[in-house]
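Peer 1: sequence isn't available, so here's the structure alone:
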């Protein structure tokens, strides 16, 4: 168990460019979440997958955001036409199929849009 | 609207000076309350889950308690390495499986 892994750790992009982040959950976990965190705030929920199905999406998730989880393994979060307001830490978390209800977070991807 | 409020926003302690962090919540139906620790530039690290009023959990110098309206994270004889932001989150019955977080309390412990 190597924990939740996110790549890249940091991304600087120009406004208007597309970016894609990857999350590899804990191997036996079937539930995967994306959150966004800005400075001085707690994480805010974006979207949730159970296996490969995207079951929940927050109103925060605009049309420029899309997430996938092919084959129920890793997940990607893509932001199209980035805006300065997209600058934040993007966190991925996973939960197991059974047992505790706690979610385990990755180290996050820090996005800076210039 | 489901809401989580943490206080204080920031807390400075001397090493060995015990204190408590507060997390008050207003939710339609609590499924669970979670405490996480977050170091700068890193993801939240899970500490505790509490499910029902009266429940308590302990880990080293930390103890979490839960009532029907709030949770406390008690820190006994803190050390500088306890310095971090402590996040409280709730899972609500009618809000799917996502967590609703408070803004956190940033704890600084000086030697």
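Peer 2: Cool, got the structure. Everything numeric in this text was worked out from a predicted model, so none of it was measured.
Peer 1: sketch out the low-pLDDT regions of the chain for me.
Peer 2: Let's take chain A. The model of chain A has pLDDT under 70 over residues A:1, A:97-100.
Peer 1: not quite, go with chain B.
Peer 2: Within chain B, the ranges that satisfy pLDDT under 70 run B:94-96.
Peer 1: residue of chain B nearest chain A, please.
Peer 2: residue B:101 (3.0 Å; Cβ to the nearest Cβ). Where C-beta positions appear, they are placed from N, C-alpha and C, glycine not excepted.
Peer 1: where's the residue lying closest to that residue once chain neighbours are set aside, which helix or strand?
Peer 2: Using Cβ to Cβ, 6 or more residues apart in numbering or on different chains and skipping residues adjacent in sequence, the residue nearest residue B:101 is residue A:42, 3.0 Å away. Of the helices and strands defined by DSSP states H and E, none includes residue A:42.
Peer 1: what packs against the helix or strand hosting residue A:90?
Peer 2: Residue A:90 belongs to strand A:88-96 when assigned by DSSP H and E. Other helices and strands packing on strand A:88-96, by 3 or more Cβ pairs under 8 Å, 6 or more residues apart in numbering or on different chains; DSSP states H and E, are strand A:5-7, strand A:19-24, strand A:29-37, strand A:75-79, strand A:104-105, strand A:109-113.
Peer 1: of those, which is nearest chain B?
Peer 2: Closest approach to chain B among the helices and strands packed on strand A:88-96 (Cβ to the nearest Cβ): strand A:104-105, 3.8 Å.
Peer 1: partner strands of that closest one, with direction?
Peer 2: Its sheet considered, strand A:104-105 pairs with strand A:88-96 (antiparallel) by DSSP bridges.
Peer 1: between the partner strand and strand A:29-37, what angle do the directions make?
Peer 2: Between strand A:88-96 and strand A:29-37, the angle comes out at 160 degrees (axes from the mean of the first three to the mean of the last three Cα atoms, to 10 degrees).
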